[in-house]
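Novice: I'd like to go over a predicted model; first the sequence, then the structure.
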Amino acid sequence: MGNPDDMVLMEVSGNSMAPELLDGDTVLINQGQTDILSGKIYAVGIEDTAVAKRVERRPGALVLRSSNPAYPELEVDMRGGCDTVRIIGRIIWWCHEER
């Protein structure tokens with residue numbers, strides 16, 4: 001699945017990716033996978049916050065989508081570079097505790 005040195009575990013906070021990722025879930029992020037595969041889930045840094053979103057590349061833009069339809073998609077203009085948004089890595093595994 002990748003180089004172990006590129007892997008990091010994080011805890012999900014919030015419900016924007018429900019029902020796939022739930023508040024309190026643990027995700028495994030492969031920081032070596034930053035190239036966009038449309039429709040896959042990535043950890044994305046937006047300013048000083050990390051979020052989990054489905055990412056799609058459009059000409060000159062990235063589209064960040066939540067699984068929860070209550071959250072609108074966000075289109076980020078990438079023309080000329082963007083220093084407030086970065087792909088941290090692809091989320092390749094997650095788990096939830098039985099509740």
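Specialist: Arrived safely. Everything numeric in this text was worked out from a predicted model, so none of it was measured.

Novice: can we go C-alpha only for contacts and neighbour counts from here?
Specialist: Noted.

Novice: hang on, isn't Asp77 packed against Arg58?
Specialist: No - judged on CA atoms under 8 Å, Asp77 makes no contact with Arg58 at a distance of 9.4 Å.

Novice: name the residues that touch the helix or strand of the chain with the lowest mean pLDDT?
Specialist: Lowest mean confidence among the helices and strands of the chain (mean pLDDT, DSSP states H and E): strand 74-77, at a mean of 89. Outside strand 74-77, the residues that touch it by CA atoms under 8 Å, 6 or more residues apart in numbering are 60-65, 85.

Novice: so which of the residues you listed are in helices?
Specialist: Among the contacts of strand 74-77, no member falls in helices (DSSP state H).

Novice: show me which of those residues are buried.
Specialist: By the neighbour-count criterion of 16 or more other CA atoms under 10 Å, the contacts of strand 74-77 include these buried positions: 62-65, 85.

Novice: adding pLDDT and distance to Ser16, write the residues you listed out as JSON lines.
Specialist: Shown next, in JSON lines, are the buried ones among the contacts of strand 74-77 (pLDDT from 0 to 100; distance: CA to CA, whole Å):
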{"residue": "Leu62", "pLDDT": "91", "distance to Ser16": "18"}
{"residue": "Val63", "pLDDT": "95", "distance to Ser16": "15"}
{"residue": "Leu64", "pLDDT": "96", "distance to Ser16": "11"}
{"residue": "Arg65", "pLDDT": "97", "distance to Ser16": "9"}
{"residue": "Val85", "pLDDT": "88", "distance to Ser16": "18"}
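
Novice: show the contacting residues for the residue nearest to Gly24 when sequence neighbours are not counted.
Specialist: Take Gly24 and drop its neighbours on the chain: the residue closest to it by CA to CA, 6 or more residues apart in numbering is Val12, 5.2 Å away. Contacts here follow CA under 8 Å, 6+ apart; on that basis Val12 touches 21-27, 52.
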